[in-house]
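Q: I would like to see how this sequence folds:
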Amino acid sequence: MHNTTLIRNNPVNKLFMKEPSYADVYTELKKMYTLHEKTVRIEKYNLDIYNYSFHSGAHSKLPSIEEYSDKDHAFTALMKYYLVNNSYTNRFIFKMLQIADKDVEENNHFIYSVFKPANLPAVHKTILLLHGLNEREWYKYLPWAEALVRKTNSAVILFPIAFHMNRAPVEWSNPRLMIHVAAERKKLFPGLSTCSFANTAISHRLQFAPQRLLLSGVQSFLDIVQLIREIRKGLIPVIDKNTDFNIFGYSIGVFLAEILLMANPSGLLGNSGLFAFCGGAVLDNSYPVSRVILDSEALKEVSRYYNNFLKGHYQGDKAIHLIEKQNGEMLESFKIMLRYNRYRKKRKSIFLKLADRVTSLTLKNDRVMPPQSVTKILQGSNLVLDFPYAYSHENPFPLISDISDSVEHSFKTVMDKASTFLMQRN
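A: Predicted coordinates for the structure are as follows:
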């Protein structure tokens, strides 16, 4: 990363001074955004982007786990036979599974971005933006960050969850490689649905080592705690150390944010608010089977493993016991969010206490995070919208010219709701 300021100075359209369009912001920021410069100034939008190096202190605390999940010996033998005859899967997925998460370099040392108003030397309000499951690029979130900065005068931090975005091996994002892995995976499971080059890496990874969902969550949780502590120590110059700290969560990012608020490590999030967009359900009431999220066999194994997990079937797992010993509050909060019919009274009591600090916005036709699955968990304000065009959980604001006006209005509505709530916090 270069120690220079990259200035993107485009002709200013006066209309943009009031309300830049979603499509234009997306298109232009996609061209301008980079993690390879220390600072990027985008004068057209009065926006500064600062890129900071992050060294995860959590990785040294994470335990190693077995290569495969709790399958019997016959399954393990069949799996090894499969790998011998499927070179792409073996090389690009299982070779990585044989390395403990804590030893994957790109996951432990990475860059995160801070978006802020260019006219403010240091901001006094900060929004942590947490993304969805199996995402590899920030492009979708660039106009979200710009809108939140503009509407709230806050800093917005784009912080990657473990093994996502720029924290994952680059091979997992390479369609030319992953299409071969997907083909091999379909041979293993002839009845497999929604398998694609986009989801095959995470599907393989979680199916055969579902503990990694928890381990990645633990690392992400601890990394965010580390980030907040660094801010409080004044180590991020563009953010005031006494900044108000809130969260905009999307999809699985809401799940992580809920655990952060419930556990409230060291009291760091005792006053923080959460705007939950398309997320908030417990794990067994969400349905992430999608060509860009998980395939059907992966979800089946994740569900099976965590059902057994709640029954205490991890008792012989040294890795889980170490997490329980070091991060008991976090693990307890994680358990509360696994199954709707477990911990119902405790969960309701917790979210009643958080009601004024959490608001949700869900979409009527969202199949991954159905509104009813969210509203029966969160006890605060829950708004359900339905956009007048074909949308999905994965793509709520499609860039299609024929519906651009409707998408523009929908995007503005969501960001206005989020900004109003987040501005009222603290």
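
Q: show me what contacts residue 288?
A: By Cβ atoms under 8 Å, 6 or more residues apart in numbering, the contact set of residue 288 is 133, 252, 294, 299, 368. The way it works is simple: take the backbone N, C-alpha and C, and place the C-beta from them, glycine included.

Q: For residue 244, grab the count of nearby residues.
A: If you count neighbours by other Cβ atoms under 10 Å, residue 244 ends up with 18.

Q: Show me what the helix or strand hosting residue 257 is packed up against.
A: For residue 257, the element it lies in under DSSP states H and E is helix 252-263. When contacts are defined as 3 or more Cβ pairs under 8 Å, 6 or more residues apart in numbering; DSSP states H and E, helix 252-263 packs onto strand 123-130, helix 211-232, strand 239-250, strand 274-277, helix 328-336, strand 358-363.

Q: got a markdown table for these, with distance to residue 349 and mean pLDDT too?
A: Formatted as a markdown table, those follow (distance: least, Cβ to Cβ, whole Å; pLDDT from 0 to 100):
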| stretch | distance to residue 349 | mean pLDDT |
| --- | --- | --- |
| strand 123-130 | 24 | 97 |
| helix 211-232 | 22 | 94 |
| strand 239-250 | 21 | 97 |
| strand 274-277 | 17 | 98 |
| helix 328-336 | 10 | 94 |
| strand 358-363 | 14 | 98 |
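
Q: which of the ones you listed sits most buried?
A: Across these, the average number of neighbours (mean count of other Cβ atoms under 10 Å) peaks for strand 274-277, which reaches a mean of 28.

Q: list the buried ones in the helix or strand following that one?
A: Heading C-terminal from strand 274-277, the first helix or strand you meet, by DSSP H and E, is helix 296-310. Going by neighbour count (16 or more other Cβ atoms under 10 Å), the buried part of helix 296-310 is 297-299, 301-302, 305-306, 309.

Q: dump the residue contacts of the closest residue in space to residue 110 that isn't next to it in sequence.
A: Spatial nearest neighbour of residue 110, chain neighbours left out: residue 167 (4.9 Å); criterion: Cβ to Cβ, 6 or more residues apart in numbering. Contact analysis of residue 167 by Cβ under 8 Å, 6+ apart lists 106-107, 110, 160-161.

Q: Repeat that for residue 129.
A: Counting by Cβ under 8 Å, 6+ apart, residue 129 makes contact with 141, 144-145, 148, 156-159, 247-250, 253.

Q: how about 7 Å then?
A: By Cβ atoms under 7 Å, 6 or more residues apart in numbering, the residues touching residue 129 are 141, 144-145, 156-158, 248.

Q: what's the distance between the most centrally placed residue in the chain and residue 276?
A: Centroid check for the chain by Cα atoms, centre = their mean gives residue 131 as the closest residue, at 3.2 Å. Residue 131 sits 13 Å away from residue 276, going by Cβ to Cβ, to the nearest Å.

Q: What does residue 409 show for phi and psi?
A: Backbone torsions for residue 409, taken as degrees, to the nearest 10, come to phi -70, psi -40.

Q: start the count at 512, not 1, going forward
A: Sure thing, new numbering starts at 512, so read that last one as residue 920.

Q: ok, how many other residues are close to it?
A: For residue 920, using other Cβ under 10 Å, the count is 13.

Q: Nearest to residue 541 among the contacts of residue 799?
A: Of all the contacts of residue 799, the one with the least separation from residue 541 (Cβ to Cβ) is residue 644, at 21.5 Å.

Q: Touching, the residue nearest to the centre of the chain and residue 766? I think so.
A: No: if you go by Cβ atoms under 7 Å, residue 642 and residue 766 don't touch, sitting 11.6 Å apart.

Q: Apart from its neighbours in sequence, what residue is nearest residue 895?
A: residue 882 (4.6 Å).

Q: how about the one you found, what does it touch?
A: Residue 882 neighbours (Cβ under 7 Å, 6+ apart): 873, 875, 895.

Q: can I get the contacts of residue 640 in JSON lines with secondary structure and distance to residue 783?
A: Listed next are the contacts of residue 640 as JSON lines, based on DSSP: H, G, I helix; E, B strand; the rest coil; distance: Cβ to Cβ, whole Å:
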{"residue": "652", "secondary structure": "helix", "distance to residue 783": "20"}
{"residue": "655", "secondary structure": "helix", "distance to residue 783": "19"}
{"residue": "656", "secondary structure": "helix", "distance to residue 783": "18"}
{"residue": "667", "secondary structure": "strand", "distance to residue 783": "14"}
{"residue": "668", "secondary structure": "strand", "distance to residue 783": "13"}
{"residue": "669", "secondary structure": "strand", "distance to residue 783": "17"}
{"residue": "759", "secondary structure": "strand", "distance to residue 783": "11"}
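
Q: between those residues, which has the most around it?
A: When neighbours are taken as other Cβ under 10 Å, the top entry among these is residue 759 (30 neighbours).

Q: can you redo the contacts of residue 882 as a markdown table with distance to residue 734?
A: Shown next, in a markdown table, are the contacts of residue 882 (distance: Cβ to Cβ, whole Å):
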| residue | distance to residue 734 |
| --- | --- |
| 873 | 27 |
| 875 | 34 |
| 895 | 32 |
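
Q: for these, which one is nearest residue 865?
A: Nearest to residue 865 out of those is residue 873 (Cβ to Cβ; 17.2 Å).
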